[in-house]
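In: take a look and give me a structure for this.
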Amino acid sequence: MNVLFIGDIVGSVGRKALKDTLPSLKAKYNPHVIIANGENAASGRGITQSIAKDFFEWGVHGITMGNHTWDNKDIFDFIDDEPRMIRPANFPPGTPGRGAAVIKANGKELAIVNLQGRTFLPAIDCPFRTSDEIIDQLRKKHKCILVDFHAEATSEKIAMGWHLDGRASIVVGTHTHVQSNDDTILPGGTAYLTDAGMVGPKDGILGMEREAVLRKFKTQLPVRFEVDKGKWQFHGLFVQLDESTGKAKKMEKIRLLEDKWIMS
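Out: Presented below is the predicted three-dimensional model:
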């Protein structure tokens with residue numbers, strides 16, 4: 001099974017990058033399942049139903065979220081009715097939506113799980129215990145499982161990778177918007193990457209306009225962040241899985257820049 005995971009898509013620039021690159025990415029990697037993090041897709045905060053619809057029409061099969069899940073109130077109108085979208089499973093009980101799903105595409109089935117870290121992020125239920133509960137259930141029927149761990153601290157992400165080694169096929173981090181260089185297949189067969197990176201403005205600061213972010217750091221005064229404009233960057237991860245075992249066979253980071261990319 002070929003899996004393409006796409007890092008946090010930020011604003012209209014990120015959406016343009018997704019639309020521009022997906023045809024070539026599909027031609028090169030022949031992904032059976034495409035998963036994207038969409039928690040920053042609507043002006044950098046949250047997602048709307050129309051944006052989610054666009055993603056699905058362009059070829060994305062499943063959408064994961066994160067700490068900005070509820071920032072766009074439109075989500076409350078459709079998240080319970082959209083089985084292809086998941087939000088962090090360790091949100092409190094009774095929260096709208098679901099924390100895991102089974103994505104069926106191109107004759108394949110990939111279970112996906114969304115978790116959110118607790119270090120340097122708002123208080124939330126334990127992602128490690130939640131992962132145990134969900135993955136133990138999923139493994140009764142599914143060997144191929146992807147976990148999007150939306151977390152701030154690299155240590156917490158690395159800990160999750162080792163915690164799930166041999167139980168999840170892929171553990172990939174999101175949230176920091178900077179692609180890490182520690183892609184590896186762990187001893188138990190889990191493909192691990194601390195952060196997939198982002199899809200969005202190349203010359204902003206984590207996708208936001210530079211001047212506003214600099215003003216915040218230099219003055220500590222309240223500042224309204226806006227998504228930057230200009231050319232895009234695209235970060236993601238390709239993983240090939242052995243369907244019979246659920247273990248990763250190969251993995252490759254993807255880094256593209258607008259006007260400077262050639263898909264061989």
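In: name the residue most distant from the centre of the protein?
Out: Ranking residues of the chain by C-alpha distance from their mean position (Cα atoms, centre = their mean) puts Thr219 at the top, at 32.0 Å.
In: backbone dihedrals for that one, please?
Out: phi -110, psi -20 (degrees, to the nearest 10).
In: now do the residue nearest the centre of the chain against Gly204, distance only.
Out: Nearest residue to the geometric centre of the chain (Cα atoms, centre = their mean): Asn37, 3.3 Å. Distance of Asn37 to Gly204, given as Cβ to Cβ, to the nearest Å: 17 Å. For every residue, glycine as well, the C-beta is placed using N, CA and C.
In: again, but for Phe225
Out: Phe225 is 9 Å from Gly204, by Cβ to Cβ.
In: same question for His235.
Out: 14 Å.
In: who has more neighbours, those two?
Out: Neighbour count, other Cβ atoms under 10 Å: between His235 and Gly204, Gly204 has more, with 26 against 23.
In: give me the nearest residue to Ile35, chain neighbours excluded.
Out: Closest residue to Ile35 apart from its sequence neighbours, by Cβ to Cβ, 6 or more residues apart in numbering: Gly62 at 4.6 Å.
In: ok, that neighbour - contacts?
Out: Gly62 makes contacts with Val33, Ile34, Ile35, Ala36, Arg84, Met85, Ile86, Ala101, Ile103, Leu110, Ile112, as judged by Cβ atoms under 8 Å, 6 or more residues apart in numbering.
In: mind checking the SS state of the fourth one?
Out: Under the three-state scheme (DSSP: H, G, I helix; E, B strand; the rest coil), the conformation of Ala36 reads as strand.
In: same deal with the last one?
Out: Three states are possible here, and by three-state DSSP the one that applies to Ile112 is strand.
In: mind listing the shared neighbours of Phe225 and Gly204?
Out: Residues touching both Phe225 and Gly204 (Cβ under 8 Å, 6+ apart): Val213.
In: picking that back up, output the contacts of Gly62 as JSON lines; include the columns neighbour count and distance to Val10.
Out: Shown next, in JSON lines, are these (neighbours: other Cβ atoms under 10 Å; distance: Cβ to Cβ, whole Å):
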{"residue": "Val33", "neighbour count": "23", "distance to Val10": "22"}
{"residue": "Ile34", "neighbour count": "27", "distance to Val10": "18"}
{"residue": "Ile35", "neighbour count": "28", "distance to Val10": "17"}
{"residue": "Ala36", "neighbour count": "27", "distance to Val10": "12"}
{"residue": "Arg84", "neighbour count": "17", "distance to Val10": "20"}
{"residue": "Met85", "neighbour count": "26", "distance to Val10": "17"}
{"residue": "Ile86", "neighbour count": "25", "distance to Val10": "19"}
{"residue": "Ala101", "neighbour count": "21", "distance to Val10": "23"}
{"residue": "Ile103", "neighbour count": "23", "distance to Val10": "23"}
{"residue": "Leu110", "neighbour count": "26", "distance to Val10": "24"}
{"residue": "Ile112", "neighbour count": "27", "distance to Val10": "21"}
